[in-house]
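*Asks:* here is a sequence together with a model predicted from it:
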Amino acid sequence: MSKNEFNIENSTPIEIKSKIQREGIWPQYTQRIKTLERAEKEFWKLFAQENDSLRKRAILEDLVNLQPVLSNCYTTAVSMLIPDKELKN
């Protein structure tokens, strides 16, 4: 590892959060949220178009599996926006 590389394994949550805020990965982070939301929207379109009940069930399973990921992204985004909030391990 070079001198300028960030070692996440040896960093505290506050150091990681500070680095994220300082170096501006916010645009990439929000883009990922938007991509997940777009995927969710496309799943719903596929669900509406699908006639096979087994395929509809598979699409619903994908939608259900996507929900915790989106929820986690939203929660993390909120915590990143609160600069003085203590992060817990």
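*Replies:* Here it is on my side, so go on.
*Asks:* at the geometric centre of the chain, which residue do we find?
*Replies:* Nearest to the geometric centre of the chain sits residue 73, at 3.5 Å (CA atoms, centre = their mean).
*Asks:* any idea which element the nearest residue to that one once chain neighbours are set aside lies in?
*Replies:* Leaving aside its sequence neighbours, residue 73 sits nearest to residue 33 (CB to CB, 6 or more residues apart in numbering; 4.9 Å). Every residue, glycine included, has its C-beta placed from N, CA and C. In this assignment (DSSP states H and E), residue 33 forms part of helix 26-49.
*Asks:* what's the answer for residue 21, then?
*Replies:* helix 13-23.
*Asks:* what's the angle from that helix to helix 26-49?
*Replies:* Interaxial angle of helix 13-23 relative to helix 26-49 (axes from the mean of the first three to the mean of the last three CA atoms, to 10 degrees): 90 degrees.
*Asks:* counting by contacts, list what helix 13-23 packs against.
*Replies:* For helix 13-23, the packing partners by 3 or more CB pairs under 8 Å, 6 or more residues apart in numbering; DSSP states H and E come out as helix 53-81.
*Asks:* okay, and the helix or strand of this structure with the least pLDDT?
*Replies:* Each helix and strand of the chain was given a mean pLDDT (mean pLDDT, DSSP states H and E); the minimum falls on helix 13-23 at a mean of 76.
*Asks:* tell me how far residue 32 lies from residue 53.
*Replies:* 32 Å (CB to CB, to the nearest Å).
*Asks:* so the two - more neighbours on which side?
*Replies:* Neighbour count, other CB atoms under 10 Å: between residue 32 and residue 53, residue 32 has more, with 13 against 8.
*Asks:* so what's the more buried one up against?
*Replies:* Residues near residue 32 by CB atoms under 8 Å, 6 or more residues apart in numbering: residue 73.
*Asks:* and the gap between it and residue 49?
*Replies:* 26 Å.
*Asks:* once you drop chain neighbours, what's closest to residue 62?
*Replies:* residue 43 (5.7 Å).
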